[in-house]
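A.B. asks: Provide a 3D model corresponding to the input given below.
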Amino acid sequence: MDMSVKVGAGGGEEKRQAAGTAADIGSGLEAWLAKVESMGELKRITAEVDPDLEQATLTYLVGLEKSPALLFENIKGHPGHRALYNMIGCNLSRFCLMIGAEPVEHPLDAVRILQQKLGRKIAPVEVPAERALSSQNVVEGEAIDIRMFPAQRMWPLDGGKYLGTCDAVITRDPESGRVNVGTYRMMIKGPREVGVYTSPGKDAGLDRDKWWAMGKPMPIAAAYGIDPLLFLVAATSLPKTESEYDYYGGIRGAPLEVFKGDVTGLPLPAHAEIILEGHLYPDETFAEGPFGEFTGYYGRPSGATPFMRVEKLRYRSRPTLTCALMADGASNEAGLFWGALRSAGVWSDLQKMGVPGIRGVWSIPEAAGWGITVVSIKQMYAGHAAQVMALAAQCTAGAYFGKFIIVVDDDIDPTNVHQVLWAMATRARPAQSIDILRETWSTYLDPSQNPPEIRPWGSKALINACMEYKYIKSFSKRTKLSKAVYENVVKRWQEYGFAGKAPPISIFEESPFPERME
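C.D. replies: Residues are numbered from 1 along each chain as shown. Next up is the predicted model:
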């Protein structure tokens, strides 16, 4: 692929809405951005920036710490287009806004809110297609050229330019009729062709295999310029028998508005700014990739990947392309919300299975979002920790990719990596406290599995970092602060000459001790 190709907006014949009949549904993304800007967390970049490596490089550097969302408004080679990066980043405030919650200070509070919201589902409602935001501009057939949008090359060795990294890809199970909404990387192949890479076991891939087994092309649509909540539900593992649209409505507290695509018959998000419709035809593939993935490594080498033949393009005037940088550490744009979603899902699954004593669940964002899950429990019986480890590793929310499941006691904050490592170092016994699960559900994107032919099988380490239950009553006492003295120090924090607030502490000495020693 010639990565220097630049196509301006407006090429080809377009069917535009007549004056006075323009789409009357607003942009879900734009409404969200207005709220982010009012919080002081939106950075508008008006200097010209190249979508070929430069935007991603800037995002990576900014995203290494708490940082604003980045709206690029002057994209080289693409006048009239915008691109959004670092939608959430590692900012808990924007994550709370994403799920419609008031800001909280502790990550577990956000997880609890999300867990409650995941417990309800509201189905979408259909609106006329002419009301959809993307119906402002409609292009069909040979006039389509998706290169008009500022597709990104994010990493130097990426195999091409990627239109889809922060997207919502819509498919349907031909047997059950279940509508799936997923996030998949989409590399441009040509003016009307875009790749759809799905890891083994992902819903869109399963849907595709069913359509192809019937000898039929799979109807498919892809939406960009989407609001963060749609990205959140699309980019996580939810039950395969249910639609992400329903979870979107449940979290938002109101149904998502959709319209029926006339090419595919699929329900399409009415508030999205860009929508492609088309089909995946049996056995039509191309050499896609590699791509810098969420693990911080390039995904599988270039391999045969199905591609979508685009038959209809809809887009709003002056659209914003949503982009998600996959990277190592804190710059991984999906790390925080993947971690929060997995945490809420595992916590909910454990409760549904009747496991008592769960005090908190946290999937560490910097560990590729899904790589390490920590569960804090109040041990109540022999084997309790081992039970939690096994179930957290293989429940619906926790089965995909995660490599390390660590269980700690309830005096450990699972979101505090320092406390978790301390518990592992002082309570786990390597010879007795580690179990291994083999041939578990993983991904072709895992760089540790070599040779690549052995993928997507994986393995999981279950680490019991709890005090041994058999000796829990006689286990060496840990050092804890005096609550009275701590509260006094908190009151005098600024008097001591320190700025801000004292670090929060919730574990204090409970055994009797002298208030003073002479």
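
A.B. asks: got the contact list for stretch 238-255?
C.D. replies: Here stretch 238-255 makes contact (Cβ atoms under 8 Å, 6 or more residues apart in numbering) with 99-100, 114, 117-125, 176, 178-182, 203, 206, 229-230, 232-234, 256, 258, 267, 345, 396. Every C-beta, even on glycine, is put in place using the N, C-alpha and C of the backbone.

A.B. asks: Narrow those residues to those in strands?
C.D. replies: Cross-referencing those against strands under DSSP state E gives 125, 179, 180, 181, 182, 258, 267.

A.B. asks: which of the residues you listed count as buried?
C.D. replies: Buried by 16 or more other Cβ atoms under 10 Å: 179, 180, 181, 182, 258, 267, out of those.

A.B. asks: Which strand residues bridge the third one?
C.D. replies: Listed by DSSP bridges, the beta-bridge partners for residue 181 are residue 170.

A.B. asks: tell me the two of the buried ones among the ones in strands among the contacts of stretch 238-255 that are most distant?
C.D. replies: Taking Cβ to Cβ, the two most distant members of those are 182 and 258; they sit 15.8 Å apart.

A.B. asks: so where is the stretch 301-450 of the chain shaky, pLDDT-wise?
C.D. replies: The stretch 301-450 of the chain contains residues with pLDDT under 70 at 301-302.

A.B. asks: let's go with 90 and repeat that
C.D. replies: Along the stretch 301-450 of the chain, segments meeting pLDDT under 90 span 301-303, 327-338, 341, 365-370, 396-397, 400-402, 441-450.

A.B. asks: quick one, helices of it?
C.D. replies: For the stretch 301-450 of the chain, the helices defined by DSSP state H, counting those that start in this stretch occupy 335-352, 384-394, 417-427, 430-433.

A.B. asks: What is the distance between the longest one and the centre of its chain?
C.D. replies: Once both centres are worked out by Cα atoms, centre = their mean, to the nearest Å, helix 335-352 turns out to sit 12 Å from its chain's centre.

A.B. asks: Could you check the angle it makes with helix 384-394?
C.D. replies: 120 degrees (axes from the mean of the first three to the mean of the last three Cα atoms, to 10 degrees).

A.B. asks: other SSEs contacting helix 335-352?
C.D. replies: The contact analysis (3 or more Cβ pairs under 8 Å, 6 or more residues apart in numbering; DSSP states H and E) places helix 335-352 against helix 92-98, helix 107-118, strand 358-363, strand 372-377, helix 384-394.

A.B. asks: Select only the buried ones of the contacts of stretch 238-255 in PyMOL?
C.D. replies: A single PyMOL command selects the buried members of the contacts of stretch 238-255 (16+ other Cβ under 10 Å):
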select buried, resi 99+114+117+118+121+122+124+178+179+180+181+182+203+229+230+232+233+234+256+258+267+345
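
A.B. asks: coming back round to it: just send the helices and strands packed on helix 335-352 back as TSV, with distance to residue 457 too.
C.D. replies: Listed next are the helices and strands packed on helix 335-352 as TSV, based on distance: least, Cβ to Cβ, whole Å:
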stretch	distance to residue 457
helix 92-98	32
helix 107-118	29
strand 358-363	21
strand 372-377	19
helix 384-394	14
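
A.B. asks: nearest to residue 85, of those?
C.D. replies: Residue 85 lies closest to helix 92-98 among these, at 12.8 Å (Cβ to Cβ).

A.B. asks: Quick one: residues in contact with that closest one.
C.D. replies: When contacts are defined by Cβ under 8 Å, 6+ apart, helix 92-98 is touched by residues 32, 35-36, 39, 41, 69, 87-88, 102-105, 107, 110, 113, 228-229, 232, 336-337, 340.

A.B. asks: can you check stretch 309-319 too?
C.D. replies: In contact with stretch 309-319 (Cβ under 8 Å, 6+ apart) are residues 23, 27, 80-82, 132-141, 144, 146, 149, 192-194, 224-225, 261-263, 273-281, 284.

A.B. asks: which of these count as buried?
C.D. replies: Buried members of these, counted by 16+ other Cβ under 10 Å: 23, 27, 81-82, 132-140, 144, 146, 149, 192-194, 224-225, 261, 263, 273-281.

A.B. asks: Might you list the low-confidence residue ranges for the stretch 1-150 of the chain?
C.D. replies: For the stretch 1-150 of the chain, the stretches flagged by pLDDT under 90 are 1-26, 63-67, 89-90, 105, 118-119.

A.B. asks: And the helices in it?
C.D. replies: Taking DSSP H, counting those that start in this stretch as the criterion, the stretch 1-150 of the chain contains helices spanning 28-38, 54-62, 92-98, 107-118.

A.B. asks: and of those, who's closest to residue 375?
C.D. replies: Residue 375 sits nearest to helix 107-118 of all the helices of the stretch 1-150 of the chain, at 11.7 Å, using Cβ to Cβ.

A.B. asks: Return the list of helices and strands in contact with the closest one.
C.D. replies: When contacts are defined as 3+ Cβ pairs under 8 Å, 6+ apart, helix 107-118 packs onto helix 92-98, helix 244-252, helix 335-352, strand 358-363.

A.B. asks: For the ones you listed, give me TSV that also has distance to residue 309.
C.D. replies: As requested, these are arranged in TSV below (distance: least, Cβ to Cβ, whole Å):
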stretch	distance to residue 309
helix 92-98	33
helix 244-252	24
helix 335-352	31
strand 358-363	37
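
A.B. asks: so which of the ones you listed comes closest to residue 498?
C.D. replies: helix 92-98 (22.6 Å).

A.B. asks: sorry, back to before: so which of the helices and strands packed on helix 107-118 gets nearest residue 502?
C.D. replies: helix 92-98 (19.4 Å).

A.B. asks: Okay, now the unreliable bits of the stretch 151-300 of the chain?
C.D. replies: In the predicted model of the stretch 151-300 of the chain, residues 164, 199-202, 235-240, 283, 294-300 satisfy pLDDT under 90.

A.B. asks: and stretch 106-120, how far from the chain's centre?
C.D. replies: That offset, for stretch 106-120, works out to 15 Å (Cα atoms, centre = their mean).

A.B. asks: related to what we said a few turns ago, go through the buried ones among the contacts of stretch 309-319 and flag which are in strands.
C.D. replies: Per DSSP E, the subset of those in strands is 82, 137-140, 193-194, 224, 274-281.

A.B. asks: I'd like to know which of the residues you listed is nearest to residue 371.
C.D. replies: Residue 371 has its nearest neighbour among those in residue 224, at 27.2 Å by Cβ to Cβ.

A.B. asks: what sits against the closest one?
C.D. replies: Going by Cβ under 8 Å, 6+ apart, residue 224 touches 149, 163, 164, 166, 167, 272, 273, 274, 275, 319, 321, 322.

A.B. asks: now residue 159: how far from residue 287?
C.D. replies: Relative to residue 287, residue 159 is positioned 7 Å away (Cβ to Cβ, to the nearest Å).

A.B. asks: Between the two, tell me which one has more neighbours.
C.D. replies: More crowded of residue 159 and residue 287, by other Cβ atoms under 10 Å: residue 159, with 21 against 15.

A.B. asks: which non-adjacent residue is nearest the more buried one?
C.D. replies: Leaving aside its sequence neighbours, residue 159 sits nearest to residue 289 (Cβ to Cβ, 6 or more residues apart in numbering; 4.6 Å).

A.B. asks: Ok, residue 330 next?
C.D. replies: Nearest residue to residue 330, sequence neighbours excluded (Cβ to Cβ, 6+ apart): residue 90, at 4.8 Å.

A.B. asks: Was I right to think that neighbour contacts residue 364?
C.D. replies: No: with contacts counted by Cβ atoms under 8 Å, residue 90 stays clear of residue 364, the gap being 11.6 Å.

A.B. asks: Buried among the contacts of helix 92-98? Need that as a selection in ChimeraX.
C.D. replies: The buried residues among the contacts of helix 92-98 can be selected in ChimeraX (16+ other Cβ under 10 Å) with this line:
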select :32,36,41,69,87,88,104,107,110,113,228,229,232,336,337,340
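
A.B. asks: residues near residue 59, how many?
C.D. replies: Using other Cβ under 10 Å as the criterion, residue 59 is surrounded by 24 other residues.

A.B. asks: That one: what's its closest spatial neighbour, skipping adjacent residues?
C.D. replies: residue 85 (4.2 Å).
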